[in-house]
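Chemist: Got a sequence here, can you model it:
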Amino acid sequence: MAAVNWWVSAFRTGVPSQISEYSAILSLGNFIGFVIFIGVTLICTLSSKEIMGEQPIFSCKAHVFHIDPKTKRSWVSASTAAVSVSFFYDSTRSLYRIISVEGSKAVINSTITPNMTFTKTSQKFGQWSDVRANTVYGLGFSSEAELGKFIEKFHEVKEATKLASAKLQSNSSSVTPATSANVSPITSRSGMPSSEQDLIDPPNSSMINSNVSASNNPNPNANMISAQNSVSSVSSSPLPGSCQNKTDDELKNAVHSRSQSVSQQSTESPQHQGKPAQLGSTQAGQSAEMQLKYENDRLKLALAQSSANAKKWEVELATLKTNNARLTSALQESTANVDEWKRQLQLYKEENARVKAKYAELEAGKIAEGNSEALRLRVEALESELRTRNEEIKALTMATKNKDFVALQKENTELRDMLNVVQEQLELALCANKVQKQNLETLNARLAGFIQDLVTVHREITNTLQT
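Modeler: Modelled structure (predicted):
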């Protein structure tokens, strides 16, 4: 692709001497062969490093979780048990990675960026969002101390990433000494005095800077350097045995000799230097796109959390409704008991009236004195019992009115107030969710516009190549 870009730039600038000058050196077939050689060499180097194993910067044991890609509201266990989670330094691209492998499955493969944030959500659990992997990783530790060590190392690596990115942008045209290819800037800085730490760049930073400055150079030799850098971004995969059997020294020597020959040829055409303005605009566009993706992911998490809170409020509202129904039932039962006591009082009054009427009839009929005395005693006993029952009914009625009934009414009023407050909170939460959804739709539309612009640029380049 770099060769095609150079041919297009040559035709646009109208410099046919470029084609005649380099046609014998970099024909399309020779360039493809060179790219294949560089790709196989770098892939073999990466695979040999994976086979021999690089030393991690920091390792710990933790349970790994991924956020559910469908609901975005729950965690899915990615490991069956506590696995080793390690920080590695990719010296080829000057990147830091968090990698965890269980058996033959990579449960974590996250590249740390300056915008990443590790959030401690509980005493032994933390999470971070990876925009490139389009997921959220969660780690559960056995103790809070281990979580604290992981957070400290995460912040240290993040700061190192920021420092490397800042130096890459500020020193894009300078050549700085590189450290060992297998040593991370963190480990190399830890063994040096504080006065020298600020002066050491990450490994291969000069090579990265030269590749970035030459990415927009129409010189075909400079394009070969950018092609070599792009080939190194290919993810490592199982390779044939012939590639794995090569030693690291032979592969490094081959790559080094080819890169030196290319760099020597690139100095022969100073007229075709890269355009820093175009490089800056490209980096700004990529940074804006990554920022939009990060904001989109963060809003998705906020929306998921708000939805979870809305569900909690709905459950609390249902509980309050259940308690209100139970208290209403108790109040109705108490009212029914009062009605029953009133009915019994009315029966006692009617019986008393009948007894009095019978007593009057007996008095009128001049019944014998003995029977009259017995009836009188019975009437007195009934009257005494009636008074006792009346007092009990009055006491029960007053107690019900003064205590239970008033308390139930007060509690019912409080529950109604709480219900109104919860309903207002639920409405506010739903409005917030609606606003967040609108923001997400706006960001999605902007991202779609950017993608459409990229598709238009790609179509124009394709048409240019075809013509």
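
Chemist: Spatially nearest residue to residue 124, not counting backbone neighbours?
Modeler: Spatially, and ignoring its direct neighbours in sequence, residue 124 is nearest to residue 141 (4.9 Å; Cβ to Cβ, 6 or more residues apart in numbering). (Glycine included, C-beta is placed from N, CA and C.)

Chemist: And for that neighbour, the neighbour number?
Modeler: A count of nearby residues for residue 141, using other Cβ atoms under 10 Å, gives 21.

Chemist: Run a quick check on it versus residue 62, I expect a contact.
Modeler: Yes. Using Cβ atoms under 8 Å, residue 141 is in contact with residue 62, at 5.1 Å.

Chemist: Spit out the residues that contact these two alike.
Modeler: Common contacts of residue 141 and residue 62 (Cβ atoms under 8 Å, 6 or more residues apart in numbering): residue 150.

Chemist: Contact partners for the residue nearest to residue 124?
Modeler: Counting by Cβ under 8 Å, 6+ apart, residue 141 makes contact with 60-63, 124-126, 147, 150.

Chemist: mind running it again at 10 Å?
Modeler: 60-63, 82, 85, 123-126, 147-150 (Cβ atoms under 10 Å, 6 or more residues apart in numbering).

Chemist: got it, and residue 298?
Modeler: Residues near residue 298 by Cβ under 10 Å, 6+ apart: 115, 117, 129, 131.

Chemist: Can you give me every residue that contacts the first one?
Modeler: Residues in contact with residue 115 (Cβ under 10 Å, 6+ apart) are 129, 131, 158, 161-162, 287, 290-291, 293-295, 298.

Chemist: how about CSV for those, with pLDDT added?
Modeler: Compiled in CSV, the contacts of residue 115 are given as follows (pLDDT from 0 to 100):
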residue, pLDDT
129, 92
131, 88
158, 91
161, 88
162, 88
287, 78
290, 82
291, 80
293, 81
294, 82
295, 80
298, 80
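
Chemist: Quick check: strands, which of the residues you listed are part of them?
Modeler: Members of the contacts of residue 115 lying in strands (criterion: DSSP state E): residue 129.

Chemist: Among the contacts of residue 115, pick out the one closest to residue 324, please.
Modeler: residue 298 (38.8 Å; Cβ to Cβ).

Chemist: measure the closest one to residue 135 for me?
Modeler: Look at residue 298 and residue 135: by Cβ to Cβ, to the nearest Å, they are 14 Å apart.

Chemist: Just the buried residues of the contacts of residue 298.
Modeler: 115, 129, 131 (16 or more other Cβ atoms under 10 Å).

Chemist: Checking my notes, residue 100 in a helix, right?
Modeler: No. Residue 100 is assigned strand when assessed by DSSP: H, G, I helix; E, B strand; the rest coil, not a helix.

Chemist: Let me know the helix or strand that the residue nearest to it when sequence neighbours are not counted is in.
Modeler: What sits nearest to residue 100 in space, not counting adjacent residues and going by Cβ to Cβ, 6+ apart, is residue 108, at 3.9 Å. Element membership of residue 108, judged by DSSP states H and E, is strand 105-111.

Chemist: Which strands and helices lie in contact with whichever helix or strand comes after that strand?
Modeler: Going down the chain from strand 105-111, the next helix or strand is strand 118-120, by DSSP H and E. Packing partners of strand 118-120 (3 or more Cβ pairs under 10 Å, 6 or more residues apart in numbering; DSSP states H and E): strand 125-130, strand 135-140, helix 144-170.

Chemist: change it to 6 Å
Modeler: Applying 3 or more Cβ pairs under 6 Å, 6 or more residues apart in numbering; DSSP states H and E, one finds that strand 118-120 contacts strand 125-130.

Chemist: got the angle between the strand it packs on and helix 144-170?
Modeler: Orientation of strand 125-130 against helix 144-170 (axes from the mean of the first three to the mean of the last three Cα atoms, to 10 degrees) gives an angle of 20 degrees.

Chemist: Show me what strand 125-130 is in contact with.
Modeler: For strand 125-130, the external contacting residues (Cβ atoms under 6 Å, 6 or more residues apart in numbering) are 110, 116, 118-120, 136-140, 147, 297.
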